[in-house]
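K.L.:
how does the following fold in three dimensions:
(chains A and B)
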Amino acid sequence: MATLVHRKTDWTGIVLAVVLTLVIVFPLIVVGTWAFTNVWRYPSVIPQEFGLRFWYQTLARADVWTSITTSLTLATTVTGISALICLPAAYAFARMDFPGRDILFFSFLAGHAFPKFGLLVAIAGIFLQLNLIGTFWGVVLIQLVGTLLFMIWIPVAAFQSVDRRMEEAARDVGAGPFRVFWSITLPQAGPTIAAAVLLSFVGTFYETEGAWLIGAPQVRTLPVLMISFINNQPVIQYGAVLSVLLWVPSFIALMFARRVVNSGSFARGFGG
Amino acid sequence: MTTIDSGHIAPVQAERRRPYGLLLVAAPVLLVVWLIIWPIISAVITTLWVQTPEGSEFSTGTYQFFFSDGYSLSNLSVTLWTTGVCAILLLLICLPIALYLRFSDSKVAGYVQGLAIFPMFVPSIILSFAFIRVLGPNGTVDLLANAMGLPKIRSPYLTAWGPVIGLVWDNIPLTVLILLSGLGNVSNQAIEAARDVGARKLQVLWYIILPRIGNSVLVAISFAVLGIFSSFTLPYVLGPAAPEMMGPFMQRTFRELFDPRNAITQAVITFGFCIVFGLFYVRSVAKNRTP
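P.N.:
Okay, the predicted model is just below:
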């Protein structure tokens, strides 16, 4: 972007950078410090003793392991089912014409016209009659709904950006439809689809509200366990260690998604 | 998260019209109908038609209760207050950041943009924990104040300002991105032309920039309002026990008071308050998707 302001020192930028560092990075550093602290008593500004003692203690807790297993199983199941039903649908939206194609394509936006937690309560009302409250599959269903929009819209864009002439050329030399899909379409659309699957996995892993409303206390994911640590756990380090553990998937997503997020098309996808 | 790419759904040639495409899209479409559209219709019906021994009959009883119950009304008003304050704060914080990012190409700008987007990669539950460790009782701010011989702060934890701070923090990235995307439509020529005729910075902002990004501002506000009005995690963890925001209120009515009818009534009322923002937001997203 071209500059309109020519100044030697970018004071606005420096002020913004300092303020944002204090407000956004500093609190996270505090949490990170707590996770590697054995003793930190008020009013010392720095911890009296650093160490890994609370990592051993946190990782020795049965509830932490149950939650890790539950979260990973849930996120894998939801992402798997979502990919299974959404990717063929995305291919159909991108490549085929059928009655009601446009309205069905935009129907996935329906959930975004309503405040999310209100919608979850309305769904919970349906689940109550079906005895799905407090069950694994109830949580799977409610989290599955949350993945539909971007598991369809992102792959549709990916399939549309595949070079059709290459597909036709392959067909001309005698390749069957599956061969064309496997050797031409998939390699081109693959990276974008992989990003959608990754985002879906990470988004499901952190989904808290549906899991809390439908699943708790029987189905306890890591974020749900974290809420109970915040509310009832006097040992601060347990929450800090769990925060660091919880952040790992987000960190992986950060590594992959930075370029996508910084591009302008991402904001346009949100209506910007 | 919604979607990444603004590719459009292009028309397909007529000879490729294959109705069996419907079969491929059936599963996700049926899920949307069953778990989004039907629950909304069902929520309105079950709260308005009451089952009586003689059959069902129309009644607005739960709505009358909500709007005459002092506790429900104070929850609603604290929700409206939080949403309003957050929307104003978000604009006041994010507009300067977006303006700076649009009109600067110094090295610092890249760092500022990275920081402004970073909260997107911090789950709100970790944010809540960090908030309590920093601003809570005996938190880091208290430690530093004490070390400098200052009195302890009045902690915003468990007050109405707790959720406000958390929600603003959480919503900064998308607000900045949406505003920045809108500022992309403001041409440098328009601004230079205004400068040439002697317009000052504030005049440029007011007469040139703001009218051109009005739509983006509305989209950013709509998105924030939809997210904040029925937010659950941050108000539940950081907010006061009473009055509570609609999210925790609905959850408690549903799971702890075992009163799904009133919980669903509260949900329908949140739909009513957000419907304008919701329709506007969805229309903007759809418009970007089709050329």
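
K.L.:
just the strands in the chain please.
P.N.:
Went with chain A since none was named. Along chain A, counting by DSSP state E, strands occupy A:37-39, A:49-50.

K.L.:
let's do chain B instead
P.N.:
In chain B, the strands defined using DSSP E lie at B:49-52, B:55-58.

K.L.:
hey, which helix is longest across chain A?
P.N.:
Across chain A, the longest stretch assigned as helix under DSSP state H is helix A:62-95.

K.L.:
in that helix, which residues are buried?
P.N.:
With burial defined by 16 or more other Cβ atoms under 10 Å in any protein chain shown, the residues of helix A:62-95 counted as buried are A:64, A:67-68, A:70-71, A:74-75, A:77-79, A:81-83, A:85-95. In this view, the C-beta of every residue, glycine as well, is placed from N, C-alpha and C.

K.L.:
for chain B, tell me which of those show up nearby.
P.N.:
Applying Cβ under 8 Å from any Cβ of the partner chain, the subset of those adjacent to chain B comprises A:85-86, A:88-89, A:91-95.

K.L.:
any chance of those in a markdown table, with pLDDT too?
P.N.:
Shown next, in a markdown table, are these (pLDDT from 0 to 100):
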| residue | pLDDT |
| --- | --- |
| A:Ile85 | 93 |
| A:Cys86 | 92 |
| A:Pro88 | 89 |
| A:Ala89 | 91 |
| A:Tyr91 | 86 |
| A:Ala92 | 87 |
| A:Phe93 | 88 |
| A:Ala94 | 84 |
| A:Arg95 | 82 |
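
K.L.:
would you reformat the residues you listed as TSV and include distance to A:Val241?
P.N.:
Shown next, in TSV, are those (distance: Cβ to Cβ, whole Å):
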residue	distance to A:Val241
A:Ile85	37
A:Cys86	35
A:Pro88	41
A:Ala89	40
A:Tyr91	43
A:Ala92	46
A:Phe93	44
A:Ala94	44
A:Arg95	48
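
K.L.:
closest one of those to B:Ile93?
P.N.:
Checking these against B:Ile93 with Cβ to Cβ, the nearest one is A:Cys86 at 35.8 Å.

K.L.:
most packed of the strands of chain A?
P.N.:
Of those, the one with the most neighbours on average (mean count of other Cβ atoms under 10 Å in any protein chain shown) is strand A:37-39, at a mean of 15.

K.L.:
ok now that one, how far from the chain's centre?
P.N.:
How far strand A:37-39 lies from its chain's middle: 32 Å, per Cα atoms, centre = their mean, to the nearest Å.

K.L.:
parallel or antiparallel, which strands does that strand pair with?
P.N.:
Strand A:37-39 sits in its sheet next to strand A:49-50 (antiparallel), going by DSSP bridges.

K.L.:
I'd like to know how many residues surround A:Phe229.
P.N.:
Applying other Cβ atoms under 10 Å in any protein chain shown, we find 22 other residues in the vicinity of A:Phe229.

K.L.:
skipping adjacent residues, who's closest to it in space?
P.N.:
Excluding the flanking residues, the one nearest A:Phe229 by Cβ to Cβ, 6 or more residues apart in numbering or on different chains is A:Gly239, at 4.5 Å.

K.L.:
do the same with A:Ile14
P.N.:
Spatial nearest neighbour of A:Ile14, chain neighbours left out: B:Val108 (6.1 Å); criterion: Cβ to Cβ, 6+ apart.

K.L.:
give me the phi and psi for B:Pro137.
P.N.:
Phi and psi for B:Pro137, reported as degrees, to the nearest 10, are phi -60, psi 140.

K.L.:
next, count neighbours for the residue lying closest to it once chain neighbours are set aside.
P.N.:
Take B:Pro137 and drop its neighbours on the chain: the residue closest to it by Cβ to Cβ, 6+ apart is B:Ser155, 5.5 Å away. For B:Ser155, the count of nearby residues is 18 (other Cβ under 10 Å).

K.L.:
which of the strands of chain A sits closest to B:Gly70?
P.N.:
Between B:Gly70 and the strands of chain A, the tightest spacing by Cβ to Cβ is seen for strand A:37-39, at 45.1 Å.

K.L.:
contacts for that closest one, please.
P.N.:
For strand A:37-39, contacts defined as Cβ atoms under 8 Å, 6 or more residues apart in numbering or on different chains pick out A:47-51, A:53-54, A:237, A:240.

K.L.:
name the member of these that has the highest neighbour count.
P.N.:
Counting neighbours by other Cβ under 10 Å, A:Ala240 leads the contacts of strand A:37-39 with 26 neighbours.

K.L.:
so what's it up against?
P.N.:
Applying Cβ under 8 Å, 6+ apart to A:Ala240 gives the contacts A:31-32, A:34-35, A:37, A:54, B:129, B:133.

K.L.:
could I get these in TSV, plus columns for pLDDT and distance to B:Pro28?
P.N.:
TSV is the format used below for the contacts of A:Ala240 (pLDDT from 0 to 100; distance: Cβ to Cβ, whole Å):
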residue	pLDDT	distance to B:Pro28
A:Val31	92	38
A:Gly32	91	39
A:Trp34	90	42
A:Ala35	91	40
A:Thr37	89	47
A:Phe54	89	43
B:Phe129	92	35
B:Arg133	90	41
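
K.L.:
out of those, which are inside helices?
P.N.:
Per DSSP H, helices hold the following members of the contacts of A:Ala240: A:31-32, A:34-35, A:54, B:129, B:133.

K.L.:
of the residues you listed, closest to B:Val285?
P.N.:
Relative to B:Val285, the closest of the ones in helices among the contacts of A:Ala240 is B:Phe129; by Cβ to Cβ it sits at 32.0 Å.

K.L.:
ok, which stretches of chain A are helices?
P.N.:
Shown for chain A, the helices assigned by DSSP H span residues A:11-20, A:26-35, A:53-59, A:62-95, A:101-107, A:116-129, A:136-160, A:164-172, A:177-180, A:186-206, A:209-210, A:222-232, A:236-262, A:264-269.

K.L.:
mind putting those into CSV with distance to B:Leu115?
P.N.:
Below are the helices of chain A laid out as CSV (distance: least, Cβ to Cβ, whole Å):
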stretch, distance to B:Leu115
helix A:11-20, 4
helix A:26-35, 11
helix A:53-59, 28
helix A:62-95, 28
helix A:101-107, 35
helix A:116-129, 26
helix A:136-160, 25
helix A:164-172, 41
helix A:177-180, 45
helix A:186-206, 20
helix A:209-210, 27
helix A:222-232, 24
helix A:236-262, 13
helix A:264-269, 17
